[in-house]
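> The sequence and its predicted three-dimensional model are supplied below.
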Amino acid sequence: METEKGIRWRALKAAFPKTIPIFAGFWFLGLTYGVYMNTAGFSFWYPMVMSLTIFAGSVEFVTVNMLLGAFNPVQAFTMTLMINARHLFYGISMLDKFKGTGWKKFYLIFGMCDESFSINYTAEIPKDIDRGWFMFFVTLLNHLYWFTGATLGGVFGSLIHFNTEGLEFVMTAMFVVIFLDQWLKEKTHTGALLGLGISLLCLLAFGSENFIIPAMIAILGVLTLLRDPLTKEVWRK
């Protein structure tokens with residue numbers, strides 16, 4: 001009978017390789033964020049604590065300006081909701097996957113960033129690996145990558161001088177790789193093509209600043225309506 005420690009260890013070994021691309025992106029952006037906080041006049045413990053407790057990269061960058069401005073909790077709440085509204089759809093998608101994970105569910109919900117969602121939703125977890133522990137370690141490792149990068153950037157920010165322009169494209173490139181990997185694994189590409197088409201239409205209709213939420217709502221609606229035909233298509237393949 002395998003011990004609980006053995007189950008956790010095998011889950012960690014299965015999860016770690018999946019997070020290596022995230023490590024590269026998170027460390028670059030985390031360091032950038034820590035340096036940014038340092039140049040804005042904040043001590044290293046600001047990015048350290050914020051990366052540990054907020055764990056929302058876009059919001060953390062925006063928070064710098066909020067901390068420098070007047071205290072306005074309503075504005076902070078509204079801004080955070082607008083930036084991270086997509087997580088509502090992530091949560092709906094993960095309802096079935098989080099079932100039966102016990103206490104780990106609370107941390108999985110807290111730590112569900114874009115990257116952790118992408119891995120946990122698409123990864124083919126081996127049958128001999130505990131699903132709950134696998135998703136837990138994916139989330140924990142990604143959290144640690146961001147936390148250590150932001151902390152080191154805050155500590156050594158005054159010593160690091162480099163041009164960070166365009167560095168945010170690292171995350172875009174990473175998501176392209178994840179999409180292509182999923183494309184190669186899937187037997188049918190109808191869902192992916194629908195997602196791309198709907199996103200393009202929403203981009204043209206709402207502009208680059210406002211298309212994400214309408215696109216997610218439209219994709220959710222269309223895929224829900226076409227759930228049975230798409231499921232039958234996958235089984236035929």
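Structure received.
> what pLDDT does the residue sitting nearest the centre point of the chain get?
With distances taken as C-alpha atoms, centre = their mean, Asp114 lies nearest the centre of the chain, 1.7 Å away. Per-residue pLDDT puts Asp114 at 85.
> Could you do Met1 as well?
Looking at Met1, its pLDDT is 62.
> swap in Asn163?
At Asn163, pLDDT is 65.
> hmm, back to that, relative to Ala40, how far out is the residue nearest to the centre of the chain?
24 Å (C-beta to C-beta, to the nearest Å). Where you see a C-beta, it was placed from the backbone N, CA and C, and this is true even at glycine.
> Where does the prediction get shaky in the protein?
1-2, 158, 160-175, 177-178, 182, 230-237 (pLDDT under 70).
> Now the element after the helix with the most length in it, going C-ward?
Criterion DSSP state H: the longest helix present in the chain is helix 4-39. Next helix or strand after helix 4-39 toward the C-terminus (DSSP states H and E): helix 45-53.
> name the element Asn120 belongs to?
Assigned by DSSP H and E, Asn120 falls in helix 114-122.
> Who are the packing partners of that helix?
Helix 114-122 makes packing contacts with helix 4-39, helix 86-93, helix 131-156, helix 169-185 when contacts are defined by 3 or more C-beta pairs under 8 Å, 6 or more residues apart in numbering; DSSP states H and E.
> Mind listing what's buried along it?
Of all the residues in helix 114-122, those buried under the rule 16 or more other C-beta atoms under 10 Å are 114-120.
> nearest to Gly221, of the residues you listed?
Phe117 (19.5 Å; C-beta to C-beta).
> ok, the closest one - contacts?
The contact partners of Phe117, by C-beta atoms under 8 Å, 6 or more residues apart in numbering, come to 90, 93-94.
> Can you get me a residue count around the closest residue to Ala14 other than its chain neighbours?
Once flanking residues are discounted, Ala14 sits nearest to Ile129: 4.8 Å by C-beta to C-beta, 6 or more residues apart in numbering. Neighbour count of Ile129, defined by other C-beta atoms under 10 Å: 17.
> Does Ile129 touch Lys18 like I think?
No. Using C-beta atoms under 8 Å, Ile129 is not in contact with Lys18; the gap is 11.3 Å.
> ok, so what distance separates Tyr33 from Gly153?
Tyr33 is 6 Å from Gly153, by C-beta to C-beta.
> dump the residue contacts of Gly132.
Contact partners of Gly132, counting by C-beta under 8 Å, 6+ apart, are 100-102, 104.
> Right, I'll call it a day here.
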